[in-house]
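Chemist: Got a predicted structure plus its sequence, pasted below:
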Amino acid sequence: MTHIVTERCVNCRYTDCATVCPVECFWETTDPAMLVIDPDTCIDCGLCIPECPVHAIYTEDELPEQYAEWKAKNAELVKKGTNLTQKKDALPGALTLEQVQQKERDRGWDIPEPGGT
Ligand code: F3S
């Protein structure tokens with residue numbers, strides 16, 4: 001089991017998640033611009049979930065079907081990422097949770113929020 005960073009993080013990259021991870025499992029990628037979780041390192045502690053301003057992180061059990069592909073994407077993107085444990089400024093143009101939710105509604109999606117938030 002692992003936690004998964006979803007598309008909600010793309011082009012936002014707030015990084016609050018990485019500062020609370022006890023096992024340093026967050027990796028930064030530039031294409032797409034986001035953080036991902038190393039599934040081999042994550043211990044499913046759940047500390048990162050409520051830290052994310054856009055609720056981008058889900059447990060494997062709660063991963064919405066619309067974001068199912070992000071499980072494999074995290075595992076793949078980790079290989080070209082850079083480990084991150086410190087806070088960085090969010091990306092310019094990072095969305096608010098309300099904007100992220102609106103984008104999802106515009107796609108006809110009704111995405112539940114992760115349980116830890
Ligand atoms: Fe991304 Fe949220 Fe972390 S936007 S970088 S998962 S705090």
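Modeler: Arrived safely, thanks for sending. Numbering: from 1, shown residues only.
Chemist: switch to C-alpha atoms for all contacts and neighbour counts from now on
Modeler: Noted.
Chemist: Is it correct that residue 28 is in contact with residue 84?
Modeler: Yes. Residue 28 is within contact range of residue 84, at 6.3 Å (criterion: CA atoms under 8 Å).
Chemist: higher neighbour count, these two?
Modeler: residue 28 (22 against 19; other CA atoms under 10 Å).
Chemist: Sticking with that one, tell me its helix or strand.
Modeler: strand 26-30 (DSSP states H and E).
Chemist: Give me the contacts around that strand.
Modeler: 17-18, 34-38, 77-78, 80-85 (CA atoms under 8 Å, 6 or more residues apart in numbering).
Chemist: could you show me where the helices are in this protein, in order?
Modeler: Applying DSSP state H to the chain gives helices spanning 16-20, 70-77, 97-106.
Chemist: Would you reformat these as CSV and include mean neighbour count and mean pLDDT?
Modeler: Shown next, in CSV, are these (neighbours: other CA atoms under 10 Å; pLDDT from 0 to 100):
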stretch, mean neighbour count, mean pLDDT
helix 16-20, 21, 98
helix 70-77, 18, 98
helix 97-106, 14, 98
